[in-house]
Each structure stands twice: as C-alpha cells, then as structure tokens.
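Student: Based on what follows, work out the 3D shape:
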Amino acid sequence: MPVVERILLIINRTAGTGQGDSVADQLRSTLADCLDGRATVRIEIVDDHPAVKACVTDFLAASSAPAAIIAGGGGGTLRAVIEGICRGSAPDYLPGPDRVRVGALRMGSGNVLARQFGAPKDPVEGLKGIIANLQADRTACCCVMQCEIITPSGDSEIHYGVTLGGFGQFGRVPGDLARWHNRLPALQRLAARLLGIENLTSIEYALALLIRSLLCAIVPGFVDKVEVQTSHGKKSMKLLAGKDACAPRSSHGKKSMKLLAGKDACAPRSSHGKKSMKLLAGLAMNFPFKAIPIDPGVGVEDEAISLQLIPLKGRLSALSLVVAPQRLIRRSLQIRIERSDCVRLKLIDRPFAEFFLDEDPMVFYQELIIKIAGSLPVVPGPEYSWSRQEEITV
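Tutor: This is a model prediction of the structure:
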C-alpha cells in the first residue's frame, strides 16, 4: 500500500533566475517513472508565492487522503507551501505524516532548508531521492516558527517560517535586495550565470549588510529602539550565548549576562522579562549556518528556535556587525524559544519596521510576536544525514 495517495509538485517559474518549461517536463517525466502509477500526481506551474499558497490550500481541501507536497523553487516558495499547510490547520495543531509530508528541491536563490535536508543541486536527482525516501516511509521533523504581526489597520496577521528570521538592520537586507533586483534585473541575471545563484545570494547578503552597517555607523538613528518581552509557560527561557551566566565573574571586570528583565542572571528567574535596547540586528535560527558565526544550540529537527539579539553599543559596533561579528555576538543575548514560549519585539521610536522570514521581506507595525507553531514532517533528499545534523555552507 502506498505511503501517500496524492502528490502535488509546485514549480515556481520565477524562482532563482527563472525556470523554463524543459525543467518542468523533466520533473514530470521523473515523477511518472519513479511512481509508476502508484499515486495520483498533480503538477502546478505558478508565477508567485500567493499562487503557491492557493494551490496548497486547494489541494489539501480537495481530499483528506495522505498526501505529499514538493516545492520546486527557493526558500520563499517553500515558505509559501508551509504557510498554505499551516493556515489550513487548526490553531496550535500542525498535521502529521498521515495527512501531509513536505519535500523541497533546490531551484531558487537560497535553498537553505532544501540543502539542510539533503537536496542536491540537480532538481531531477533531488526529486528521485525524495520519492525514494517517500516510498521507504522515511521522514524527518522540521520545526515551524510563527510570527504574529500587527498590520496598519491594527489587526493581527500570522506568518510562518522554517529557516531564518531577520530583524533590525539584518531584517532589512532581503527588502534591499528585492529593490536592487527590480532596478537592475539584467545585472542580477548576468551575475547569477557567472557566479551561480546560491553564491550570488551569499555575496549580495554580505554586501547589503555592509552598506547598512556603514549607514548605522554614520547615522545611529537608523537603528530601531525596541522593547523585548519574554513570557513562557513551563520554565524560564534559556540564555545560550557567551559563557554560563551563573559562572564566577572574571578578574577583568566583565559582567555576566543579564536576563531581559535586567536582573542578574544568577537571581531567581521569573516567568516574564522586559528590556529596552537599540536593536542592531536580530536572528531567529532553526539550525546553524556556516556563514553566520553563531552556535544556536538547536537543530532543524528540534522543536525550538534560537533568537539572537545584537544591541547597538556605539558607532564602531555597527561596523563590527560585518568585519568582526564574533565581538558583538559575545555581548549579545541569545534565547531558546520552545513550545508555549514567546518573545515580543515592540517598537518604541517608529511606527513600523521591516523584517524577513525565509528570505521574504515583510513589515510589522507596533509589535511582533515570535513563537513555535509546531513541527511538520519533511521527506529529505538523497544527501540527508540521518545520523546527525551537520552545519551547512550558505
């Protein structure tokens, strides 16, 4: 008996530098050869992320039979698939493998989660590996983060991500890149052909962050002032960055890390904390990245995320964000967020701010709430390491 009865392959023709009809034909032929009629296959070719979400919603609403959805695009396409699944689910309940499984191909600019789950560069080989793992009933868990934002009308809106969230100046980088690409599309396509789309994305992120660091060093007022609030159900949130917060203080006068509430970390921990800071950069990480010198203390299959908050400590600290990030990280705050925990970022000095989820630029007004939505079953590619999580190169 097949593990799933239905399969939806969604190909975003605008992902990366664009996907031609020949790629879709190859993937269609590969699915037919691998499945040999053992599941109903539906292939959708779309032009944007809203269309991806609509396809996923319609596909799942059409039948309750076990299904698999494979994202043929980049991180934004995969996030649109995740949003389509999550928005069609009951609150605080994400479907298990008896309802839907997710696969991802490397067909976009970032492809971070697809690489984490063992997808090779060749989408045809990646699809073969996903189908082989699907037929063998092999899945891995993927933590889903939830961000609730306030819209201009004052309503709340929920978004989901599975890779990386960015806040502060780091959170504005994908928006900067989108504006660059819109102004210079031919240059972006040429650079992608010369360097490779994934290498180009890494270079663009570094360049955009360098420009923002320079601007903040010249005009510190560009940095958001935020109030950070924590609340959690079962226990106090864990401080992960730096040394043990309750270790003896060194003879060099360095202070141990403090809780968000501003009290000494060795004092009894309360269930709520609050602190104001100039937020230079913030990262919500689902797993480690080689390009980001932070040990998040979580893996992709853990139902937890690591939130790193880097404050502005002066003009030089803005430059250090790119040239010496380890120095800033040692003075920053890292919080492990698990189920029933949440962190609120509340704007103090401006009405709205840009941020991103899985490469998608967004805007929030007044405040943003970060939580864990749960986990979804993922069908890995052929290069996935089942024995241990390994750091990837981005």
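
Student: all helices of the chain, in order?
Tutor: For the chain, the helices defined by DSSP state H cover 21-35, 49-62, 75-87, 112-116, 123-135, 173-183, 185-195, 197-218, 315-323, 325-329.

Student: What lies in contact with the first one?
Tutor: So that's helix 21-35. 7, 9, 11, 13, 41, 43, 45, 72, 105, 107, 123-124, 127-128, 131-132, 135 (C-beta atoms under 8 Å, 6 or more residues apart in numbering). Placement of C-beta: from N, CA and C, glycine included.

Student: list the buried ones in that helix?
Tutor: 23, 24, 27, 28, 30, 31, 34, 35 (16 or more other C-beta atoms under 10 Å).

Student: Then the last one?
Tutor: Going by neighbour count (16+ other C-beta under 10 Å), the buried part of helix 325-329 is 325, 328, 329.

Student: mind checking how far the second one is from residue 143?
Tutor: Right, residue 328. Separation of residue 328 from residue 143 (C-beta to C-beta, to the nearest Å) stands at 26 Å.

Student: if we can go back for a sec, any chance of the buried residues of helix 21-35 in TSV, plus pLDDT and distance to residue 372?
Tutor: Shown next, in TSV, are the buried residues of helix 21-35 (pLDDT from 0 to 100; distance: C-beta to C-beta, whole Å):
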residue	pLDDT	distance to residue 372
23	85	35
24	85	35
27	92	33
28	90	36
30	93	35
31	91	33
34	90	34
35	89	34
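
Student: got the residues you listed as a markdown table, with distance to residue 163 columns?
Tutor: Shown next, in a markdown table, are the buried residues of helix 21-35 (distance: C-beta to C-beta, whole Å):
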| residue | distance to residue 163 |
| --- | --- |
| 23 | 23 |
| 24 | 25 |
| 27 | 23 |
| 28 | 27 |
| 30 | 25 |
| 31 | 25 |
| 34 | 27 |
| 35 | 28 |
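
Student: out of the residues you listed, what pair is the most spread apart?
Tutor: Spatial extent of those (C-beta to C-beta) is set by the pair 23 and 35 at 18.5 Å.

Student: Generate a PyMOL selection restricted to the buried entries among the contacts of helix 21-35.
Tutor: In PyMOL, this line selects whichever of the contacts of helix 21-35 come out buried by 16+ other C-beta under 10 Å:
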select buried, resi 7+9+11+13+43+45+72+105+107+123+127+128+131+135
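
Student: mind giving me the domain ranges of the chain?
Tutor: Listed domain ranges for the chain are 6-143, 164-357 (source: automatic domain parsing).

Student: pLDDT weak spots in the stretch 251-394 of the chain?
Tutor: For the stretch 251-394 of the chain, the stretches with pLDDT under 70 are 251-273, 386-394.

Student: rerun that using 50 as the cut-off
Tutor: Applying pLDDT under 50 to the stretch 251-394 of the chain picks out residues 251-271, 388-394.

Student: Mind jotting down where the strands sit in it?
Tutor: Read by DSSP state E, counting those that start in this stretch, the stretch 251-394 of the chain holds these strands, from start to end of the chain: 272-285, 304-311, 333-338, 342-347, 352-357, 360-378.

Student: Return the most buried member of those.
Tutor: For those, the largest average neighbour count (mean count of other C-beta atoms under 10 Å) is found in strand 304-311, namely a mean of 24.

Student: tell me the angle that strand makes with strand 272-285.
Tutor: 100 degrees (axes from the mean of the first three to the mean of the last three C-alpha atoms, to 10 degrees).

Student: Okay, angle between strand 304-311 and helix 315-323 too, please.
Tutor: If you take the same axes, to 10 degrees, strand 304-311 sits at 140 degrees to helix 315-323.

Student: Partner strands of strand 304-311 and their direction?
Tutor: strand 272-285 (antiparallel), strand 333-338 (antiparallel) (DSSP bridges).

Student: how about the ones you listed in a markdown table, adding distance to residue 224?
Tutor: Shown next, in a markdown table, are these (distance: least, C-beta to C-beta, whole Å):
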| stretch | distance to residue 224 |
| --- | --- |
| strand 272-285 | 5 |
| strand 333-338 | 15 |
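
Student: Ok, which of those strands comes nearest residue 56?
Tutor: Comparing the strands paired with strand 304-311 by their distance to residue 56 (C-beta to C-beta), the top pick is strand 272-285, with 23.1 Å.

Student: Give me the distance between the two termini of stretch 340-360.
Tutor: Stretch 340-360 has an end-to-end distance of 25 Å (criterion: C-alpha to C-alpha, to the nearest Å).

Student: how many other residues sit next to the nearest residue to residue 56 once chain neighbours are set aside?
Tutor: In space, and not counting its chain neighbours, residue 56 is closest to residue 84: 2.8 Å by C-beta to C-beta, 6 or more residues apart in numbering. Per other C-beta atoms under 10 Å, the neighbour tally for residue 84 reads 25.

Student: Just confirm residue 84 contacts residue 60, I think it does.
Tutor: Yes. Residue 84 sits in contact with residue 60 when judged by C-beta atoms under 8 Å, with a separation of 7.5 Å.

Student: between the buried residues of helix 21-35, which is closest to residue 151?
Tutor: Distances from residue 151 to the buried residues of helix 21-35, taken by C-beta to C-beta, are shortest for residue 24, at 35.5 Å.

Student: Quickly note the distance from the closest one to residue 34.
Tutor: Taking C-beta to C-beta, one finds residue 24 at 16 Å from residue 34.

Student: ok, the closest residue to residue 169 other than its chain neighbours - how many residues close by?
Tutor: Closest residue to residue 169 apart from its sequence neighbours, by C-beta to C-beta, 6+ apart: residue 212 at 4.4 Å. Using other C-beta under 10 Å, residue 212 has 24 neighbouring residues.

Student: wouldn't residue 212 be in contact with residue 175 here?
Tutor: No. Contact criterion C-beta under 8 Å: residue 212 and residue 175 do not qualify, at 10.7 Å.

Student: Any idea how many residues pack against residue 79?
Tutor: Neighbours around residue 79, by other C-beta under 10 Å: 26.

Student: Who are the contact partners of it?
Tutor: 49, 160, 161, 162, 163, 357, 358, 359, 360.

Student: what's the nearest residue to it if we skip its chain neighbours?
Tutor: residue 358 (4.1 Å).
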